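K.L.:
Turn this into a structure:
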Amino acid sequence: MSAVDNSVLIASLLDQKSDGDTFWYTEILDRTKRSAGDNRKRMVRLFRHGSGPELLELMPTIRAMCDATGARAYTRLSPRSHKAVAKALLLLTAEMVTSEQWNSAAYLYARACGRCNIHDRRLWLYDVDLICRASADLGTYLKSNSWLVATVPSRKGLHYVSRPHDPEGDGVFSTAASLHKDNPTNLYIPSES
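P.N.:
Numbering: from 1, shown residues only. From the prediction side, this is the model:
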């Protein structure tokens, strides 16, 4: 199968100019069996970018790393704040020192990023593994309510990116997709050999 490259689409969803504090992050994650069950072992590299153009500048490096390792690149579309992440990093560091869990030091920044989205700019992700009538109806439902932000292709399915809303009415589509309130979406999936 050929590579899935959503970089232009993802970059268009980010701010086009950096404000100095807001950023997004991209993780290159190894999803092979050798890293199964431990997210810390899955992380190959983390990239920060303050705008869509900055992400596009990083793409040659991201593609090369993914192609070389067979890992996938994912971007979290809910932006983060450098200030909030720095505060969370200090708290996590204090917790690590207090509990003497020294082996977690290498992963603290990624954990801090994962905890600190900017709430008034959050985006949700509906993970559709099988494209069918129900998943198409979900997309129509999200679009008709002006919640749909983007549709991002994956290897076998897609991700609907939506604005937060009361998910009560989503229940009729529960078999079509899984709702994730802060999950990364596919930026780049290398071709399979």
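K.L.:
what's the domain layout of this protein?
P.N.:
Under the assignment automatic domain parsing, the domains of the chain span 4-119, 124-183.
K.L.:
any weak-confidence spans in the chain?
P.N.:
33-40, 193 (pLDDT under 70).
K.L.:
try it again with 90
P.N.:
Within the chain, the ranges that satisfy pLDDT under 90 run 1, 30-44, 100-121, 130, 132, 134, 156, 166-176, 181-183, 192-193.
K.L.:
can you map out the strands along it?
P.N.:
Here the chain has its strands, by DSSP state E, at 4-5, 22-29, 43-49, 72-81, 124-128, 148-153, 158-162, 178-180, 185-189.
K.L.:
still on that earlier bit, Pro190: which of the domains of the chain is closest?
P.N.:
Pro190 sits nearest to domain 4-119 of all the domains of the chain, at 4.6 Å, using C-beta to C-beta. From N, CA and C alone the C-beta is placed, and that goes for glycine too.
K.L.:
Let me see the contact set for Thr32.
P.N.:
By C-beta atoms under 8 Å, 6 or more residues apart in numbering, the residues touching Thr32 are Gly70.
K.L.:
mind listing what Ser146 touches?
P.N.:
The contact partners of Ser146, by C-beta under 8 Å, 6+ apart, come to Arg163.
K.L.:
for Asn145, that is, sorry about that
P.N.:
If a contact means C-beta under 8 Å, 6+ apart, then Asn145 has His165 as its contacts.
K.L.:
Provide the backbone phi and psi angles at it.
P.N.:
The phi/psi pair for Asn145 (degrees, to the nearest 10) reads phi -100, psi 10.
K.L.:
how close does it sit to Arg122?
P.N.:
17 Å (C-beta to C-beta, to the nearest Å).
K.L.:
Next: Pro153.
P.N.:
Computed as C-beta to C-beta, the Pro153 to Arg122 distance reads 22 Å.
K.L.:
Then Gln16?
P.N.:
From Gln16 to Arg122 the distance is 20 Å (C-beta to C-beta).
K.L.:
still on that earlier bit, turn the domains of the chain into TSV, columns for distance to Ser191.
P.N.:
Output for the domains of the chain, formatted as TSV (distance: least, C-beta to C-beta, whole Å):
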stretch	distance to Ser191
domain 4-119	8
domain 124-183	10
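K.L.:
nearest to Ile189, of the ones you listed?
P.N.:
The closest of these to Ile189 is domain 4-119. By C-beta to C-beta, the value is 4.1 Å.
K.L.:
Quick check: closest non-adjacent residue to Arg163.
P.N.:
Of all residues not flanking Arg163 in the chain, Trp147 sits nearest, at 4.8 Å (C-beta to C-beta, 6 or more residues apart in numbering).
K.L.:
Quick check: phi and psi at the one you found.
P.N.:
When read as degrees, to the nearest 10, the backbone of Trp147 gives phi -100, psi -20.
K.L.:
before we move on, back to that, so which of Gln16 and Arg122 has more stuff around it?
P.N.:
Arg122 (14 against 10; other C-beta atoms under 10 Å).
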